[in-house]
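>>> The following comprises the amino acid sequence and a computationally predicted model.
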Amino acid sequence: MNKYNRFSIPVFLMPVFLIVCLLVLGACSNTKPVVSATQDFIKVSGTHFQKDGQPYYIAGTNMWYAAYLGSPSKVGDRARLAKELDTLKAMGVNNLRVLAVSEKSDINSSVKPATTNGFGNYDESLLQGLDYLLVELAKRDMTVVLYFNNFWQWSGGMTQYMSWIDGQPVQDPNVTNEWEAFMAKSASFYQSEKAQQEYRNTIKKIINRVNTVNGKAYVDDATIMSWQLANEPRPGNSKVNAKEKQIYVDWINGVTAYIKSLDPHHLVSTGSEGLMGSVNDEKLFVDAHSSVNVDYLTYHMWIRNWGWFDKTKPAETWDAGWAKGKDYLNSHIDMAKAMNKPIVLEEFGLDRDMGSYDIKATTQYRDKFYQQVFDVLLPRMQKGDPIAGYNFWAWNGAGRTTRSNYWWQEGDDLNGDPPQEQQGMYGVFDTDTSTIAIIKEFNSGIHALIKK
């Protein structure tokens with residue numbers, strides 16, 4: 001029998017053992033503390049963003065199709081993606097707002113192909129496009145906001161979920177002009193247990209994904225600034241009642257908590273338009289964004305869409321339209337201040353002059369609009385108010401259309417103008433030099449704040 005227990009130490013070896021222990025302890029005391037892997041994540045500090053302990057402002061654009069360009073399939077165009085990102089980087093853009101998931105729809109005004117062709121049925125090539133996009137953004141020190149769904153039909157969205165569940169075809173409001181009925185149908189998504197389960201399954205799949213290009217888990221990727229519930233979620237149509245408003249608030253509270261349970265390090269936002277997406281009910285907007293799991297506020301501004309400005313009578317309607325727009329900009333910053341949260345103007349845009357879609361058409365009023373928006377935002381940023389950045393809508397870049405009616409069809413260039421709108425409506429092309437100069441100048445002002 002062995003006279004030594006296998007866990008005991010012989011007496012003659014004790015001095016050696018003690019010396020080794022002291023050396024190990026000394027080495028441990030001299031090691032540097034482990035640095036958290038989350039140090040590079042964008043965080044909220046009061047009413048502002050921080051990155052690496054320094055102020056961070058979004059100088060961004062909307063490029064919903066960016067992950068499509070990254071796909072290795074025929075829909076992708078990685079050379080174009082690199083060109084677009086390089087152009088945007090040179091303009092001072094540091095953030096993109098991008099569609100993470102689309103749903104296959106039969107209507108003409110929806111993008112094709114789609115990320116999901118039915119519940120649990122994913123197009124891996126489009127997910128690989130998202131992987132590739134994240135890697136390319138990281139190379140350029142750019143970040144991204146990824147939204148999981150859409151209140152509108154151009155990416156399938158909430159109405160496509162409901163169509164898969166009830167078997168009824170989606171009614172395209174571009175065809176029927178029944179926008180009230182469409183919005184009611186879209187909002188029924190919040191009340192459907194099946195829709196919510198499948199939606200959460202999709203969220204979980206994306207958040208838990210491991211990048212096939214660099215092997216990095218999405219939860220560990222600081223290139224992702226924020227997960228976003230949806231593009232422009234609304235509580236319903238103009239006739240929404242108190243019960244439906246509460247269902248909407250509960251939905252936001254539940255889903256944001258769920259996302260945080262999967263990924264506590266990334267920021268979470270709703271994608272709301274602000275008051276216009278809250279039936280002009282300030283209490284509803286506040287209630288919907290009061291949860292600790294909603295890290296910052298968002299709002300959008302569309303002076304032509306909302307009837308404040310007439311593109312065919314620009315001179316006659318500009319002053320009154322802009323007055324409403326300016327008030328909308330400032331009132332949301334003031335609400336954010338009262339709520340002690342940052343806010344991002346993540347969508348705004350205007351048509352080319354006289355509503356033309358032609359790339360050669362002038363952009364006098366669009367340029368004026370961008371300049372006046374920036375003239376409101378920058379002084380408030382400089383004062384320390386909670387406006388934490390912007391994303392203009394949208395970047396067309398090198399995309400073009402050859403169709404005389406300007407409507408997108410499968411196989412055409414992808415543009416910032418989604419398929420529900422004529423190509424060239426709001427998107428900024430890489431040849432729009434006057435608009436780009438205005439954006440670039442404003443971004444210089446933002447980057448000066450970041451470097452302070």
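The structure has been received and is ready for your questions. Numbering: from 1, shown residues only.

>>> remind me which residues of the protein are low pLDDT?
1-39 (pLDDT under 70).

>>> Now do the strands in it.
Counting by DSSP state E, residue ranges of the strands within the chain are 43-45, 48-51, 54-56, 58-62, 95-99, 143-147, 224-228, 267-269, 297-301, 343-348, 387-392, 395-397, 428-429.

>>> Please produce TSV containing those strands, extended by mean neighbour count and distance to residue 308.
For every residue, glycine as well, the C-beta is placed using N, CA and C. What follows is the strands of the chain, written out as TSV (neighbours: other CB atoms under 10 Å; distance: least, CB to CB, whole Å):
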stretch	mean neighbour count	distance to residue 308
strand 43-45	15	31
strand 48-51	20	30
strand 54-56	17	32
strand 58-62	26	21
strand 95-99	26	23
strand 143-147	24	26
strand 224-228	26	26
strand 267-269	23	25
strand 297-301	26	9
strand 343-348	26	12
strand 387-392	25	18
strand 395-397	27	24
strand 428-429	22	21
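
>>> and residue 188, which of these is closest to it?
Taking CB to CB, strand 143-147 is the member of those nearest to residue 188, at 19.7 Å.

>>> contacts for the closest one?
By CB atoms under 8 Å, 6 or more residues apart in numbering, the residues outside strand 143-147 that reach it are 42, 58, 60, 66, 94-100, 130, 133-134, 137, 206, 222-231, 269, 271, 346, 391.

>>> how about 7 Å then?
Under the contact criterion CB atoms under 7 Å, 6 or more residues apart in numbering, strand 143-147 has outside partners 42, 94-100, 137, 223-228, 230-231, 269, 271.

>>> same check, this time on stretch 106-116
For stretch 106-116, using CB under 7 Å, 6+ apart, the contacting residues are 75, 101-104, 122-123, 126-127, 153-156, 169-170, 172, 174, 202, 410, 418-420.

>>> Check stretch 381-391 too.
Counting by CB under 7 Å, 6+ apart, 47-49, 57-62, 95, 97, 296, 333, 336-337, 341-347, 377, 380, 449 sit against stretch 381-391.

>>> Check stretch 196-213 too.
Applying CB under 7 Å, 6+ apart, the set of residues contacting stretch 196-213 is 100-101, 116, 119-120, 127-128, 131-132, 134-135, 148-149, 161, 217-219, 221, 258-259, 262-263.

>>> try stretch 244-264
For stretch 244-264, using CB under 7 Å, 6+ apart, the contacting residues are 187, 190-191, 200, 203-204, 207-208, 219, 227, 229, 235-236, 268, 270, 284, 287-288, 291, 293-294.

>>> Generate a ChimeraX selection restricted to the buried subset of those residues.
Applying 16 or more other CB atoms under 10 Å to the contacts of stretch 244-264 leaves a buried subset, and the ChimeraX line that selects it is:
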select :187,190,200,203,207,219,227,229,235,236,268,270,284,287,288,291,293,294
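
>>> re the thing from before, weed out the non-buried ones from the contacts of stretch 196-213.
100-101, 116, 119, 127-128, 131-132, 134-135, 148-149, 161, 218-219, 221, 258-259, 262-263.

>>> Can you pick out the ones from those that are in helices?
Within the buried ones among the contacts of stretch 196-213, residues falling in helices by DSSP state H are 127-128, 131-132, 134-135, 161, 258-259, 262.
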